[in-house]
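# I would like the atomic coordinates for the input below:
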Amino acid sequence: MKRTFLLGVGAQKAGTSWLYSLLEQSEQFAPGFTKEYHIWDVRTVPVFRPLRRRLRDIRFGQRKHRRQDLRVWLMENLPTRYFSYFDRLLAADGKTLTADITPAYSALDVATLRRIRAGIVARGMTFRCVFIMRDPVKRCLSAFNMHRNQGTGEVMEGVRLGAERTEAFRDYVVSDDARLRTAYEQTLRALGEALPAEETMVLIYEELFRPETITRLEAFLGIPLDQDHLETQIFKTDYREAPDPEAVKLCFETYRPTYDAVAEQFPQVRELWYGLKKYT
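Residues are numbered from 1 along each chain as shown. Now for the predicted structure:
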């Protein structure tokens, strides 16, 4: 029986939760204990290293999360446990697909992507990778509002989330966190160098909720998927307090190289992405 592991590498606020929810509807999917394992980002990306788990925190943390946190800590420090976990998961459930969909993996380098693939393939699993890109301005607005509303973003050095909305958004747009998650051209370059083309699927968020996209995913992952899931909404961003137009334009200008690079490879975004239609 063919066993497949899916690595979801983002982008953040680009439909990864909807994708995971879609997979959960399939009887062939073994979900594991979480959607986002955050193993490889905290191991290899300096901006995310402060989020690595510490045994002291696990020991004195909430009891209900202790077992899961310890399991993740072991994977962070002994990566072979990561590969063995998914190997055992599929063997125990008799299912054909499992996944780690962690949006921060958009920042992974070539060596790390190759290491993940090699570890999966060595255990007899088929490797697949999905990357979803969303209009950079819309992605940044959505991520900023999420952090602002939830009071998160503690690893964003230099971002004054508590400042006036427009100033806080300006900080976020030029932060390392935003750059790593929004410079899609860098992710595309790493995926192209690290992984075989036939094992990678790149999707456009603005095309995600279409029957033909689900059909493509079915063929790519080798399992039937629920077309009715197109009507399911997972998260909705609150835009009631938007930054001023100049701050939004700054976001577009900051990521103009991303717009240009993606449009060259995926021309349809010229019509789909707000930033290109608004400012060009």
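# contacts, neighbours, all on C-alpha from now
Noted.
# right, and the helix or strand after the worst-scoring helix or strand of the chain on mean pLDDT?
Ranked by mean pLDDT, DSSP states H and E, the helix or strand of the chain with the weakest confidence is helix 55-60, at a mean of 76. Using DSSP states H and E, the next helix or strand after helix 55-60 towards the C-terminus is helix 63-77.
# then that following helix to PDB, C-alphas only?
C-alpha atoms of helix 63-77 as PDB (Å, rounded to 0.1, in the frame of the first residue of the first chain):
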ATOM      1  CA  ARG A  63      -0.400  19.300  32.500                       C
ATOM      2  CA  LYS A  64      -2.800  18.800  29.600                       C
ATOM      3  CA  HIS A  65      -0.200  20.000  27.000                       C
ATOM      4  CA  ARG A  66       2.800  18.400  28.700                       C
ATOM      5  CA  ARG A  67       2.800  15.100  26.700                       C
ATOM      6  CA  GLN A  68       2.400  16.800  23.400                       C
ATOM      7  CA  ASP A  69       5.100  19.400  24.200                       C
ATOM      8  CA  LEU A  70       7.500  16.700  25.300                       C
ATOM      9  CA  ARG A  71       6.900  14.800  22.100                       C
ATOM     10  CA  VAL A  72       7.600  18.000  20.000                       C
ATOM     11  CA  TRP A  73      10.700  18.700  22.100                       C
ATOM     12  CA  LEU A  74      12.100  15.200  21.400                       C
ATOM     13  CA  MET A  75      11.500  15.800  17.600                       C
ATOM     14  CA  GLU A  76      13.200  19.100  17.700                       C
ATOM     15  CA  ASN A  77      16.300  17.600  19.400                       C
END
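# Please identify the buried residues of it?
Arg66, Asp69, Leu70, Val72, Trp73, Leu74, Met75, Glu76 (16 or more other C-alpha atoms under 10 Å).
# do the same with stretch 85-97
So, applying 16+ other C-alpha under 10 Å, buried residues of stretch 85-97: Phe86, Asp87, Leu89, Leu90, Lys95, Thr96, Leu97.
# Just those residues: which are in helices?
Phe86, Asp87, Leu89, Leu90 (DSSP state H).
# So the first one sits against Thr96, correct?
So that's Phe86. No: at 11.0 Å, Phe86 does not count as touching Thr96 under the criterion of C-alpha atoms under 8 Å.
# so where's the stretch 101-250 of the chain uncertain?
For the stretch 101-250 of the chain, applying pLDDT under 70 flags the ranges 151-159, 161-162, 235-242.
# which stretches of it form helices?
Ranges of helices in the stretch 101-250 of the chain, per DSSP state H, counting those that start in this stretch, are 110-121, 136-150, 165-173, 176-182, 184-194, 211-221, 245-254.
# need those helices in a markdown table with distance to Ile234, can you?
Below are the helices of the stretch 101-250 of the chain laid out as a markdown table (distance: least, C-alpha to C-alpha, whole Å):
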| stretch | distance to Ile234 |
| --- | --- |
| helix 110-121 | 28 |
| helix 136-150 | 14 |
| helix 165-173 | 24 |
| helix 176-182 | 20 |
| helix 184-194 | 23 |
| helix 211-221 | 16 |
| helix 245-254 | 25 |
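# Determine the number of other residues adjacent to the residue nearest to Lys138 when sequence neighbours are not counted.
Once flanking residues are discounted, Lys138 sits nearest to Tyr274: 7.7 Å by C-alpha to C-alpha, 6 or more residues apart in numbering. By other C-alpha atoms under 10 Å, 16 other residues sit near Tyr274.
# who's in contact with Tyr274?
For Tyr274, the contact set (C-alpha atoms under 8 Å, 6 or more residues apart in numbering) comprises Asp135, Val137, Lys138.
# 10 Å instead?
Arg134, Asp135, Pro136, Val137, Lys138, Phe252 (C-alpha atoms under 10 Å, 6 or more residues apart in numbering).
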